[in-house]
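>>> sequence-free structure coming up:
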């Protein structure tokens with residue numbers, strides 16, 4: 001029984017995605033380089049995105065289409081989850 005428990009725990013650890021592969025989400029204030037409380041496309045374009053073009057991602061976050069991302073829009077945006085690897 002102990003062998004089965006150890007084997008199960010080892011399998012779960014191996015199946016979990018490595019945390020070091022994911023970069024943490026940038027903080028709003030780090031993107032808002034001029035500290036005016038809004039992120040412009042120019043500021044947003046300085047990010048290294050794991051997926052998509054900066055312009056497309058920016059538009060998807062700017063839900064009120066005013067040309068800037070507010071802190072609320074940024075916090076409410078849910079980035080897509082990475083695809084799981086097939087076994």
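That came in fine, so what should we check first? Remember, it's a predicted structure, so these values are computed and weren't measured experimentally. Numbering: from 1, shown residues only.
>>> where do the strands sit along this protein?
Residue ranges of the strands in the chain, as given by DSSP state E, are 38-39, 69-70.
>>> what's the pLDDT at the residue lying closest to residue 71 once chain neighbours are set aside?
In space, not counting the residues next to it along the chain, residue 71 is nearest to residue 28; the distance is 5.1 Å by CB to CB, 6 or more residues apart in numbering. Yep, even glycine has a C-beta here, placed from its N, CA and C like the rest. Confidence per residue is given as pLDDT, and for residue 28 that number is 97.
>>> go on, residue 44?
In the prediction, the pLDDT value recorded for residue 44 is 97.
>>> does it really touch residue 31, like I thought?
Yes. Under the criterion of CB atoms under 8 Å, residue 44 lies in contact with residue 31, with a separation of 6.4 Å.
>>> okay, these two: which has more neighbours?
Neighbour tally, residue 44 and residue 31, criterion other CB atoms under 10 Å: the higher count belongs to residue 44, 21 against 15.
>>> what about stretch 74-83, distance to the chain center?
When distances are taken as CA atoms, centre = their mean, to the nearest Å, stretch 74-83 is centred 5 Å away from the chain's centroid.
>>> buried residues of that stretch, list them for me.
Residues of stretch 74-83 classed as buried: residue 74 (neighbour count, 16 or more other CB atoms under 10 Å).
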